[in-house]
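Visitor: let's see this in three dimensions:
(one chain, ligands or ions: 2)
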Amino acid sequence: MDKKELRKIIRDRKRQYSSSTLEELSLSVLSHLEENGHLQSAHTVMMYYSLPDEVNTHRFIDSLVASGKKVLLPEVIDDRNMVLREYSGRADLREGAYHIMEPAGTLFPPHRYSEIDVAIIPGMAFDIQGNRLGRGKAYYDRFLPKIPGAYRIGIAFPFQLLSQIPTEETDIAMNEIVS
Ligand SMILES: Nc1nc2c(c(=O)[nH]1)N(C=O)[C@@H](CNc1ccc(C(=O)N[C@@H](CCC(=O)O)C(=O)O)cc1)CN2
Ligand SMILES: Nc1ncnc2c1ncn2[C@@H]1O[C@H](COP(=O)(O)OP(=O)(O)OP(=O)(O)O)[C@@H](O)[C@H]1O
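Guide: Numbers count the residues shown, from 1 in each chain. Ligands and ions are numbered 1, 2, ... in the order given. Modelled structure (predicted):
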């Protein structure tokens, strides 16, 4: 099965859940994430600010900030690339490309990327080997090689875990999946 067909299967699966069920599932996923030792010991975390069909990270991000961690969110700058900006609270957010809320705060410069301890990464689907299927624009596949030292945690609802995902040379695998 190719990536495009898999994305359609996952979209169809998501549609079978009400938004309140997805909300409950999000809380369950995040309770596992909260217990992750890599995240607990991290000082600097690259996060994502969720879209309506993703594991809801909105409150979780604020709890990371409250616990003293530096939280970085992606900002899409063109059709291929993203950069990171610091997130310190909701007031920082502006709507960016693809209707994603992105921080307007301080740019986190590339020369500091080695400070990123953990990267929390959304996906359409993941498999047991840690392979990831994204939204098909390769933003993360292009970005992740810039932060080779970060521990990569993929985040997904249980129905987004598949036994196998087709891979290409350029796909970057996760170190761990939390679902
Ligand atoms: N919350 C969140 N932030 C993120 C990502 C993400 O997946 N989730 N990204 C991860 O890459 C980057 C943005 N990439 C995106 C790529 C495509 C679409 C999207 O909605 N695509 C449409 C098709 C749009 C089109 O073809 O023009 C779709 O999926 O239906 C959204 C974000 C950076 N920030
Ligand atoms: N590092 C890269 N540089 C250039 N092109 C790439 C890179 N990674 C993937 N591509 C190409 O971009 C297209 C989309 O890739 P793919 O389907 O793997 O994206 P994705 O992993 O779903 O997206 P994302 O990483 O944004 O979530 C493919 O044609 C792929 O060959």
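
Visitor: now the closest residue to residue 123 other than its chain neighbours: how far from residue 170?
Guide: Counting by CB to CB, 6 or more residues apart in numbering, the nearest residue to residue 123 once its immediate chain neighbours are dropped is residue 132, at 4.5 Å. No exception for glycine: its C-beta is placed from N, CA and C like everyone else's. Distance from residue 132 to residue 170, counting by CB to CB, to the nearest Å: 12 Å.

Visitor: more neighbours: which of the two?
Guide: residue 132 (25 against 9; other CB atoms under 10 Å).

Visitor: partner residues bridging the more buried one?
Guide: Beta-bridge partners for residue 132, by DSSP bridges, are residue 126.

Visitor: list the contacts of it.
Guide: Applying CB atoms under 8 Å, 6 or more residues apart in numbering to residue 132 gives the contacts 121, 123, 125, 126, 140, 154, 165, 171, 172, 173, 174.

Visitor: so residue 72 sits right up against residue 107, yeah?
Guide: No - taking contacts as CB atoms under 8 Å, residue 72 lies outside contact range of residue 107: 9.9 Å.

Visitor: still on that earlier bit, and the contacts of residue 132, which two are furthest apart?
Guide: 125 and 172 (14.8 Å; CB to CB).

Visitor: quick one: the contacts of residue 132 as CSV, columns for secondary structure, distance to ligand 1 and neighbour count too.
Guide: Below are the contacts of residue 132 laid out as CSV (DSSP: H, G, I helix; E, B strand; the rest coil; distance: CB to the nearest ligand atom, whole Å; neighbours: other CB atoms under 10 Å):
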residue, secondary structure, distance to ligand 1, neighbour count
121, strand, 8, 24
123, coil, 8, 22
125, strand, 12, 22
126, strand, 13, 24
140, helix, 5, 22
154, strand, 11, 26
165, coil, 16, 22
171, coil, 13, 18
172, coil, 12, 21
173, coil, 16, 16
174, coil, 14, 22
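
Visitor: mind listing what's buried in the biggest helix by length in the chain?
Guide: If each helix of the chain is counted by residues according to DSSP state H, the longest one is helix 19-34. For helix 19-34, the neighbour count (16 or more other CB atoms under 10 Å) marks 22, 25, 26, 29, 30, 33 as buried.

Visitor: who's in contact with the residue lying closest to residue 156 once chain neighbours are set aside?
Guide: Leaving aside its sequence neighbours, residue 156 sits nearest to residue 179 (CB to CB, 6+ apart; 4.8 Å). Neighbour list for residue 179: 29, 32, 126, 155, 156, 157, 158, 160, 161 [criterion: CB under 8 Å, 6+ apart].

Visitor: one more: residue 129?
Guide: Taking CB under 8 Å, 6+ apart, one finds 164, 173 in contact with residue 129.

Visitor: ligand 2 versus that one, what's the distance?
Guide: Counting by CB to the nearest ligand atom, to the nearest Å, the gap from residue 129 to ligand 2 is 15 Å.
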